[in-house]
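Undergrad: Let me see the structure of the following:
(chains A and B)
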2 protein chains.
Amino acid sequence: MTYSDPYLVISSDCHAGLPTEEYRPYLERRHHRAFDDFLAQRAARQAEMTRLGVRNEAFATRWFEEHREGLRGGWDPAQRIKELDGDGVAGEVVFPDADAVDSRNAAPFGVGLGLSGDHDPELGMAGARAHNRWLAEFCAGHPERHRGVALLPVTAEVPEVLAEIKRARESGLRALMIPAMWGGNPPYHDRRYDPVWAAAAEAGMPVLTHSGAAPRQEYGDHLGIYVTEVTWWPARPLWFLLWSGVFERHPGLRFGIAESGCWWLPNLLWFMDRLYLGAHGGRKLSPFSGLPRPPHEYLDRNVFICATNTKRRELAQRYEIGVDNILWGSDFPHPEGTWPHTRRWLRDTFHDIPVGETRRMLGLSAAEVFGFDTAALAPLAARIGPTPAELGQPADQSAVEASWARSRETGRHWLTDRDFPAMGRDV
Amino acid sequence: MTYSDPYLVISSDCHAGLPTEEYRPYLERRHHRAFDDFLAQRAARQAEMTRLGVRNEAFATRWFEEHREGLRGGWDPAQRIKELDGDGVAGEVVFPDADAVDSRNAAPFGVGLGLSGDHDPELGMAGARAHNRWLAEFCAGHPERHRGVALLPVTAEVPEVLAEIKRARESGLRALMIPAMWGGNPPYHDRRYDPVWAAAAEAGMPVLTHSGAAPRQEYGDHLGIYVTEVTWWPARPLWFLLWSGVFERHPGLRFGIAESGCWWLPNLLWFMDRLYLGAHGGRKLSPFSGLPRPPHEYLDRNVFICATNTKRRELAQRYEIGVDNILWGSDFPHPEGTWPHTRRWLRDTFHDIPVGETRRMLGLSAAEVFGFDTAALAPLAARIGPTPAELGQPADQSAVEASWARSRETGRHWLTDRDFPAMGRDV
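TA: Numbers count the residues shown, from 1 in each chain, chains lettered A, B, ... in the order given. Below you'll find the model as predicted:
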């Protein structure tokens, strides 16, 4: 790889979904009546989103007018390829719910981004299967570019869950999204899920949560409360899995958290490592006898973050998070993402980040986690990928590298003899 | 104030409580029978803590043997003064539950640190009154040194809550602790609490949460899960109050979060400010019409953090948190605190922090928030307070100040034109 090679860009967080009513043929006939009821409640769901402030009428109108053609890429494979190419994105990981403004593309029975462990077990699984069937078809046209994420209502009966993992994998899907919240069901430390984690690891399918679900009934009409903590709920399963030894029992399991940023990770890791390593505050506690490794080892081996549109503040913390643990994403076609201005956005965000690290965060790490064939994508990347020069990154990287040296050398300071973090760039 | 002046040290997080059975005379007679039942369940509560790993038998035995005399300071005023003096602590803010190992000093009916909004309304209020009565007596011996925190089961009927605020204040207590979790009751954005916030502001009593409560039923026997998120629950009311406009409607209200660290605050503030200031991700959302100020303004005016034994990593983030928002605490007499080695601990932690900032964090900010009379405490501080020299801080502060200049000048970088944070010390 030389400086002038274009980037292989893989978005680890994109969305696709049919206009909801078009899921009917993918849904077993016995659920059509319940599906009609679900469609009939659409107006009520929109009203709820408007009340909470998640939906802004004026913005919605403008958004759909300005992007009519591109938004069809949410479900139309040919249009989608055009939009990905325009953004310079060679590969993508495909989550549900293409429409984050009006929920016009919600998966049946709300088992998409709002997927909660409290869904009706039968309808939840039926809705998931419907979306998964369609998604497999959607990805089949350009299998080297799409990694479809199957919806997995993991709190349903275990045999059903295992059957859907198998079915989804055989249909070509490559990852699994589980509810961020388990509702009244057993939390994810429960041993009942062990066969599920084993099957996911065996199938080579990373398990993910994605932001969306939250205890909205507690928020009244206060949008700020919702947005402030909506990223916490999908992160929460991480420490349930880690401390209960799931990553120890299933070393091949990969767990990811999507569209929740990665700004919260360094403090969490510092906190958990300190707890484990028996710092002062832990003296009175029992030791962690079932866990032979400290939290950061599980993080680096089993966990990754689909950090979506990485913020500059997050990039400053990448040596604590682990550069390889950060997977960029465009969030296409959601308005909070970078589409259709991804090239400009990448330049604004990465111009003073080292090229080698940029290659990892923009694509190579995602390729490893989700099993993209980089050789197969290379010609495409050469054609559409932005170059380091287009991102404003200088050919002579020595000054850039030097400006991050202190931060890089300090790294996870709590594992060394350094007291303080060193975040940010020396200029 | 000159370099050689000893520090006025105020611990913003200490604990006191009677051996539980001795609360009987402070409890209305009609609750004595329920109190006997509560006492009878003590063994079951200990077993539960041992199972979760919060209690370590071997450590507990050693702890009580080694500190028999000092631990009596948890409820004996004379012994307490001796322990505070030994640690160099002139003033203290007094939370409940002196025993964090065996819960031998739990407030009646568990309304101490485990206080949850789901308590029985009548017993909860009765238990709180019992502790509050005792605490007022306890503080009366040296009123200039103690600021007692009244227990306030705020989810009870509003008139009862208002009556207890009045009674507590008249008895000499100076702050209010509310449950971190509201359970099945209305969340703290609800307008039903407005009279409570108004009364607290009017009485000049800061309202606080303290770590302890958490949804333990979700954790199985996994201690790591509990410890990892037990600091999140007491912080949570902060954004419920902020986004619902409580700080706008009650400009005189002070809200604090105790023994939950302050490491989580910079990211939270950055996140909320960005959301408010309408950054990219918020485009599709409705504006915050009811909130005329950005989150950091409410934080600096209405909020403070009883950060207890501040970690070095947290001190590195103080220019984002706000130096004046960080209140140190010893956590006496809990084993996760700094007692009885506070002087050594202060030296290890603050030796390369500027003296002026140390004075704020170790005492002056707490004096303002909790209304300590610094003039009255000055002679005591002169006698027992550690000096900057004893903390290893050099008389010539220029090199220390310079080493933090970049971090201080960058401050809350998201409010300026700076992309990256600058955390840590240049040496």
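Undergrad: Pull the longest helix belonging to chain A out as CSV, backbone CA atoms only.
TA: Ranked by residue count under DSSP state H, the longest helix found in chain A is helix A:121-140. Output of helix A:121-140 as CSV, limited to C-alpha atoms (Å, rounded to 0.1, in the frame of the first residue of the first chain):
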residue,chain,number,x,y,z
PRO,A,121,-42.3,-13.4,20.8
GLU,A,122,-44.2,-14.8,17.8
LEU,A,123,-44.7,-11.6,15.9
GLY,A,124,-41.2,-10.4,16.7
MET,A,125,-39.6,-13.5,15.1
ALA,A,126,-42.0,-13.3,12.2
GLY,A,127,-41.1,-9.7,11.5
ALA,A,128,-37.5,-10.5,11.8
ARG,A,129,-37.7,-13.3,9.3
ALA,A,130,-39.6,-11.1,6.8
HIS,A,131,-36.9,-8.5,6.9
ASN,A,132,-34.1,-11.0,6.8
ARG,A,133,-35.6,-12.7,3.7
TRP,A,134,-35.8,-9.5,1.9
LEU,A,135,-32.4,-8.3,3.0
ALA,A,136,-30.8,-11.5,1.7
GLU,A,137,-32.3,-10.8,-1.7
PHE,A,138,-31.2,-7.2,-1.5
CYS,A,139,-27.6,-8.1,-0.8
ALA,A,140,-27.4,-10.9,-3.4
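Undergrad: Who are the packing partners of that helix?
TA: strand A:91-95, strand A:146-151, helix A:158-170 (3 or more Cβ pairs under 8 Å, 6 or more residues apart in numbering or on different chains; DSSP states H and E). (Glycine included, C-beta is placed from N, CA and C.)
Undergrad: Out of the ones you listed, flag the one nearest chain B.
TA: strand A:91-95 (16.8 Å; Cβ to the nearest Cβ).
Undergrad: Partner strands of the closest one and their direction?
TA: strand A:10-15 (parallel), strand A:146-151 (parallel) (DSSP bridges).
Undergrad: Show me what it is in contact with.
TA: Strand A:91-95 is contacted by residues A:8-16, A:84, A:113, A:135, A:138-139, A:144-149, A:175, A:177, A:210, A:258, A:306, A:329-330, A:332, A:363, A:366-367, A:370, A:372, A:377 when judged by Cβ atoms under 8 Å, 6 or more residues apart in numbering or on different chains.
Undergrad: Who are the contact partners of residue A:330?
TA: Listed by Cβ under 8 Å, 6+ apart, the contact partners of residue A:330 are A:11, A:13, A:14, A:87, A:89, A:92, A:308, A:309, A:337, A:338, A:339, A:342.
Undergrad: quick one: which of those is nearest to residue B:414?
TA: residue A:309 (15.5 Å; Cβ to Cβ).
Undergrad: circling back to that earlier point, what comes up buried for the longest helix of chain A?
TA: Within helix A:121-140, the residues that count as buried by 16 or more other Cβ atoms under 10 Å in any protein chain shown are A:122-136, A:138-139.
Undergrad: go on, stretch A:189-198?
TA: Quick answer for stretch A:189-198 (16+ other Cβ under 10 Å): A:189, A:193, A:196, A:197.
Undergrad: Now narrow those residues to whatever sits close to chain B.
TA: Among these, the residues that sit close to chain B (Cβ under 8 Å from any Cβ of the partner chain) are residue A:189.
Undergrad: and which of the buried residues of stretch A:189-198 is nearest to chain B?
TA: Looking across the buried residues of stretch A:189-198 and measuring by Cβ to the nearest Cβ, the closest to chain B is residue A:189, at 5.2 Å.
Undergrad: Could you pull up the contacting residues of the closest one?
TA: A:240, A:241, A:243, A:244, A:246, B:219, B:220, B:222, B:225.
Undergrad: Not counting sequence-adjacent ones, nearest residue to it?
TA: Spatial nearest neighbour of residue A:189, excluding adjacent residues (Cβ to Cβ, 6 or more residues apart in numbering or on different chains): residue A:244 at 3.4 Å.
Undergrad: Could you pull up phi and psi at that neighbour?
TA: phi -90, psi 10 (degrees, to the nearest 10).
Undergrad: residues in contact with the closest residue to residue A:353 other than its chain neighbours?
TA: Once flanking residues are discounted, residue A:353 sits nearest to residue A:315: 5.9 Å by Cβ to Cβ, 6+ apart. Each residue near residue A:315 by Cβ under 8 Å, 6+ apart is listed here: A:349, A:350, A:353, B:420.
Undergrad: Name the residues of the lowest-mean-pLDDT helix or strand in chain A that are buried.
TA: When each helix and strand of chain A is scored by mean pLDDT, DSSP states H and E, helix A:42-52 comes last, with a mean of 81. Residues of helix A:42-52 classed as buried by neighbour count (16+ other Cβ under 10 Å): A:45, A:46, A:49, A:50, A:52.
Undergrad: Show me where chain A has its strands.
TA: All strands of chain A, identified by DSSP state E, fall at A:10-15, A:91-95, A:146-151, A:175-177, A:207-210, A:255-258, A:303-308, A:326-328.
Undergrad: any idea how far residue A:9 lies from residue A:347?
TA: Counting by Cβ to Cβ, to the nearest Å, the separation of residue A:9 from residue A:347 is 13 Å.
Undergrad: between the two, what contacts are shared?
TA: With Cβ under 8 Å, 6+ apart, residue A:9 and residue A:347 have common neighbours residue A:386.
Undergrad: With neighbour numbers in mind, choose between these two.
TA: Between residue A:9 and residue A:347, residue A:9 has the larger neighbour count (other Cβ atoms under 10 Å in any protein chain shown), namely 27 against 14.
Undergrad: How many residues are close by the nearest residue to residue A:312 once chain neighbours are set aside?
TA: Spatial nearest neighbour of residue A:312, excluding adjacent residues (Cβ to Cβ, 6+ apart): residue B:419 at 4.3 Å. Residue B:419 is flanked by 17 other residues according to other Cβ under 10 Å.
Undergrad: was I right about residue B:419 contacting residue A:348?
TA: No. With contact defined as Cβ atoms under 8 Å, residue B:419 and residue A:348 do not form a contacting pair (9.5 Å).
Undergrad: which residue is nearest the centroid of chain A?
TA: Closest to where the C-alpha atoms of chain A average out (Cα atoms, centre = their mean) is residue A:258, at 2.1 Å.
Undergrad: what pairs with that residue across the strands?
TA: residue A:210, residue A:306.
Undergrad: Distance of the closest residue to residue A:252 other than its chain neighbours relative to residue A:195?
TA: Residue nearest to residue A:252 in three dimensions, not counting chain neighbours: residue A:201, with 3.8 Å by Cβ to Cβ, 6+ apart. Residue A:201 is 11 Å from residue A:195, where distance means Cβ to Cβ.
Undergrad: got it, and residue A:396?
TA: Separation of residue A:396 from residue A:195 (Cβ to Cβ): 54 Å.
Undergrad: thinking again about what came up before, count of neighbours near the residue nearest to residue A:189?
TA: Residues near residue A:244, counting by other Cβ under 10 Å, number 24.
Undergrad: List the contacts of it.
TA: If a contact means Cβ under 8 Å, 6+ apart, then residue A:244 has A:188, A:189, B:220, B:222, B:225 as its contacts.
Undergrad: One more pass at 10 Å, please.
TA: When contacts are counted by Cβ atoms under 10 Å, 6 or more residues apart in numbering or on different chains, residue A:244 touches A:187-191, A:193, A:290-291, B:219-222, B:224-225.
Undergrad: Residue A:217 now?
TA: Applying Cβ under 10 Å, 6+ apart, the residues near residue A:217 are residue B:187.
Undergrad: Now do it against residue A:185, distance only.
TA: Counting by Cβ to Cβ - residue A:217 and residue A:185 are separated by 17 Å.
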